[in-house]
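Student: this one's structure only:
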RNA sequence: CCAGGAAAAGCUCAGAUGGCAGAGCACUCGACCGAUAAUCGAGCGGCCGCUGGUUCGACUCCAGCUUCCUGGACCA
C-alpha cells in the first residue's frame, strides 16, 4: 500500500477492474486518476482533506438522452440478449408471447407502454431465475397497408399483377417494421430483434394457410352469403375504410304487403278485415329481395282503417304517415304490441313469395312506418336478423349490379328487371308496384349515402359469397367458452368480457376480397363450381408457401398447383380456378401462437402469458383463442393480462386531432427512456393511465431522487472492497443491522409483487424506502460516521458493508424497471457482466449473518425512531427561535421513565448520532410523557467534524479538533 | 343503445373482513452549505364523483345516477 492511499480515504485496495467500455467511466478509473495526488505533509495537514467525502464518477446529472443510445450500442455489441438466453438455458421456461403490432406508422404512447410492460415481465421473470425468451413480431398483411400502397401506386396499380402489388405491400411493411424496431429497441426492450416473427414471412404464411386447411378439415368452415359494401362500377367489395359518405337523392316509397295469415292472430278486432303491412324504404330496387317485415317488439302499433283497408303502422307514426300518404278518413281499429306481428305472413307485392313478420330491435320511429322492409341480401342488419330467423340471404343482383334470377328464394323476377342495373331498376320497380296497386306513396329524399372512395359512385349493399368459420359447428362456441375458463384473467373481469363477446358473436367471416394477405387455398371446378377442399391436395400447397411464400399462389396457375391430371370428384372436369379471396388479418395474427410457439423458435405451446390493451378482447385475445380452441383444443395462453389505455392529463383519450397526444419519442429525446419506463412502472397498468407534462415532471424528480440515492451509495463505497473490507454482519453497528433487516423485508415484498405483475407497488415501495428510510434517516445519520471516522475504522466499514448490500440489492431490484440506469450503476460497481444477466436479490442476502437476537433488536430501533421524530420536531422549533442553526449546535435534554428510560439509557451512546446533535442528556422523569428540551451545545466546535465537544484541542498537535478526530487524522497521516 | 371498466389531496399511489381518511412528490416557510443544479425539517392541502338505502356507524356493502375510457350496435 503506498502512502497516497492514506490521504485519500476512498482509494481502492485492489487493481481497477477492467473498463467495460469507453462509454462509461467507472469509479475505479476515476480513483486511478486521484492516485497521483501528492502525499500529505504530516506537518501541514489540511483538515478538509482528511474528511472521507463521497467520490464517484457516477454523475448527478443523468444525461439519459445521450447516455442511453451508447448503452444500447454496447448491449447490441455484446449480444446481450443472446448471453441472457445462454445464461438461462435449462432453467424453467416462462414465455410471454408478443402480440404483433401493425406494421404501419410509428409507435405511440400506447404501444410504448405495452412494450415496456412486456419488458418488465420478461426481465423480472429472467431475474427471478426463469428462462424467459422474448420474440417480438409484426402484423404485416391487411387493408391499411394495401390502401396506403394503393394510393402511392395511383393509376399504376391497374397495370400491375397481384404479385407486383404484393411486393410493393411487402416493401411498405418492411419499412415500418424497421422503423418500429428502432423505436422499440430504444425503449430498452431486450429481445430477439434481429429475427422477429413477421406474418408475411414465408414460413408464417405457410402456417396460416395450414391453419385454414386444418379448420377446413375439421369441418368448421363453410361458404355462405353475407352483404358487403359493393361498388358496381369497380366490381369490388369495399371495406369500411374505403367507403365515404356524400349526399345522395333517393326515391323513398311506401309499399303495402297484404296479410295472408289470420288477422285475428294479431288482434281479434282485425278479424274479417283486409289487412296490410306498410313499409317505407329509400331503395326501391331491393323490393324484389324482400323476405320479411320487421317490427319492434317494444313499440305499440295501430291498425288504421283507410278506405276499407287496414294498415299496420307504429302508433306514434300514424299521423305522419297519414299526412305523407294523403289519408283523410282514417281511424284506428285496434292497437297492439309489436311482438304480436311475429309469425304473421305477408304476401310480396310483386313476386310469388311470402314475407314473414319478424321482430327486431333496430326498428326505430325516426322515419317511415315502424315496419321495416327486410332484405337480408342487401343490408347488414337485415342480414343479422335474417340469420336469427333462418331467412335465406337472397340476392338477385350480380357483381355488375344487374338483376338476375338468383336461387335461394321463391318467386320469379319480372322480365322487365332482368339485366337492368339497380339504378335502372328503381323506376321499373316503382312502375311494377304501381301496377300491382302496392305503391302507396313516393317522395324524393336527400340523405347521406355511402360512396366508393375511388370512383365516387354510390355503392350498394350486396350479399356475396364469403368463407366462414361456424361458431356453432362442432360445439365450437361452447368449446371456446370452456377454454376461457381455463385461463387466468388479470383483471378478473376480462373473463366475463370476452365470454360475452364469444357468446354473442356471429360466425367468423374469414374471407376478404383483397390481394395483400394469405390466399384462401381452395380451387373450383370450372365445369360445376364444386370447390376442391381435400387436404391431400391442399397440404402440398401449404408446403410450397413455406418455401416460396404465398406469392406462389399468384405466380402459378391452378394447373401448376394441382397434381397432374386432377379431376373434379363431382363432374370429372379437368379445368380449375383458384379462389381469389384472402384470409382476414385477424386469422393471421390469431395463428401467431402456431407460428411462433414451436420447435423452430424453441418455444413451448401454450404461452404463459399474453399482455395487450383492452381493444384486444375483440382482437388478438379473441382470434388467438378461437384458433387455439379450434385447432389445439384449448387457449394458447395460460394467463391473459390487460393493460389500460393511455389518456391525457385530464383523462381524455389521446387524439392527433385534439393535439393532446404525447409522443414517446419526444419524451425519450427530452428526458430518456428510463423516465418513460419509470412512468410505466409508477402506474397501475390494468387501469387506464394518464400521461401529461405535470406527471412527467414528477417522474423526472423521482428519477433524480433514485439516482442520487445510488450516487450516495456509490460515492461512499469508493475504495471499498467487499471481499476484504466487509464486516461480519453480527459485528455491524445495530443501526446498520436494523437497516438491512428493513431492506430484507422490502426485498421480500418486492419479489412477491414482481411475481404478481404489480410493478407499481415495487416502484412506490422502493421509492418510498429510498426517500423515507434511506435519505431522510439512514444516510443522514451515517454521514458523520462515513465522513469523519478513519477510513478503515470498524464503524465506517460497518456502514459501508451495509451500503454495499443495499446497493447490490437495490440495483438488481430496479433493473427491470430502470434498465439503463441500473446498468450504469452496475458498471460503476465494477461488475463486468450486465445487470440483466443477474438474479434478483434474495431476502437472505441482505440479512446474511444476522441472528434472531438482531431481529429482536429491530423493535428497539423502531422505538428509537419514534423518539427521533419527536426530537426532530423540537429541533425545528429551536431553529425557528434562532436558538440553533445546524442541529450539531444543539444539546438535547431527554426525560423519560419506565421502559422508555431503560431503552434510551441502553442506547445513550448512539443518541447524538441518531439525532445528529452534539450532545444528549437523559434524565429519569416522573410522568410518562417524553420530555425534550433543546439548548445550545456545550464546549467548542470541532473544526473537522463540526460537533461541539469539551475535548477540542485535547491533542496539542491539532488544537482545533476534538480527540476522536485527532485520532482519525493520526491514523490517516501515519497509518 | 348494448357489453365491460374507472372515479380518493394539484400528481402518482396505500387504504383485507364497515370503526376519527394515509404516503411520497408538488406547493409554502425554514435550515444547512462536507450527497450541493444536492440534502434535512416543518406547514398547507380531501363533500373519498353524485343521490338514496342497509347499519349504532359507510371511502368500504346495496340500488340508481353523472362523467370519462374500451369494444360493439346504430347512422349506412
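Tutor: Done, it's in. Note that this is a predicted model, so its numbers are computed, not measured. Numbers count the residues shown, from 1 in each chain, chains lettered A, B, ... in the order given.
Student: Count the neighbours of the residue in chain A that RNA strand B sits nearest to for me.
Tutor: Proximity of chain A to RNA strand B (Cβ to the nearest atom of the strand) peaks at residue A:885, 2.1 Å away. C-beta coordinates here come from the backbone N, C-alpha and C atoms, glycine included. Under the neighbour criterion other Cβ atoms under 10 Å, residue A:885 is assigned a count of 10.
Student: That one contacts residue A:876, doesn't it?
Tutor: No - with contacts counted by Cβ atoms under 8 Å, residue A:885 stays clear of residue A:876, the gap being 12.0 Å.
Student: got a pLDDT number for residue A:414?
Tutor: pLDDT for residue A:414: 83.
Student: you'd agree it is in a helix?
Tutor: No - going by DSSP: H, G, I helix; E, B strand; the rest coil, the assignment for residue A:414 is coil, not a helix.
Student: got the contact list for it?
Tutor: Shown in contact with residue A:414 (Cβ atoms under 8 Å, 6 or more residues apart in numbering): A:350, A:432.
Student: isn't there a helix covering residue A:251?
Tutor: No - Residue A:251: not assigned to a helix; according to three-state DSSP it is strand.
Student: ok, it - how many residues close by?
Tutor: For residue A:251, the neighbour count with other Cβ under 10 Å is 17.
Student: That one and residue A:705: what is the separation?
Tutor: 72 Å (Cβ to Cβ, to the nearest Å).
Student: Repeat that for residue A:803.
Tutor: From residue A:803 across to residue A:705, the span is 17 Å (Cβ to Cβ).
Student: the more surrounded of those two?
Tutor: Here residue A:803 and residue A:705 are compared on neighbour count by other Cβ under 10 Å; more neighbours surround residue A:803, at 24 against 13.
Student: Test my guess that the more buried one contacts residue A:711.
Tutor: No - Residue A:803 is not in contact with residue A:711 according to Cβ under 8 Å; the separation is 11.8 Å.
Student: what does the stretch 751-900 of chain A have sitting close to RNA strand B?
Tutor: A:760-761, A:764, A:767-768, A:771-772, A:774-777, A:779-780, A:783-784, A:787-788, A:869, A:872-873, A:875-876, A:879-880, A:885-886 (Cβ under 7 Å from any atom of the strand).
Student: Buried ones among those?
Tutor: Applying 16 or more other Cβ atoms under 10 Å to these, the neighbour count classes A:760-761, A:767, A:774, A:777, A:779, A:783-784, A:787-788, A:872, A:875, A:879 as buried.
Student: Inside helices: which ones of those residues?
Tutor: Residues of these located in helices (DSSP state H): A:760, A:761, A:767, A:783, A:784, A:787, A:788, A:872, A:875, A:879.
Student: Now the two most distant members of the residues you listed.
Tutor: The two members of these with the most space between them (Cβ to Cβ) are A:760 and A:788, at 39.8 Å.
Student: re the thing from before, ok so the residue of chain A closest to RNA strand B is a helix residue?
Tutor: No - Residue A:885 is assigned coil when assessed by three-state DSSP, not a helix.
Student: pLDDT weak spots in the stretch 101-250 of chain A?
Tutor: Judged by pLDDT under 70, the stretch 101-250 of chain A has no weakly predicted residues.
Student: all helices for it, in order.
Tutor: For the stretch 101-250 of chain A, applying DSSP state H, counting those that start in this stretch gives helices covering A:109-127, A:143-153, A:162-186, A:202-217.
Student: closest to residue A:736 out of the ones you listed?
Tutor: Of those, the one closest to residue A:736 (Cβ to Cβ) turns out to be helix A:109-127, at 25.9 Å.
Student: Identify the residues contacting residue A:449.
Tutor: By Cβ under 8 Å, 6+ apart, the contact list for residue A:449 reads A:245, A:246, A:247, A:248, A:250, A:458.
Student: Among those, name the buried ones.
Tutor: A:250, A:458.
Student: ok, which pair from the contacts of residue A:449 is furthest apart?
Tutor: Distance extremes for these: the farthest pair is A:245 and A:250 at 13.6 Å, using Cβ to Cβ.
Student: that older thread, any chance of the ones in helices among the buried ones among the residues of the stretch 751-900 of chain A next to RNA strand B in TSV, with pLDDT too?
Tutor: Below are those laid out as TSV (pLDDT from 0 to 100):
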residue	pLDDT
A:760	94
A:761	93
A:767	94
A:783	96
A:784	96
A:787	97
A:788	96
A:872	93
A:875	94
A:879	92
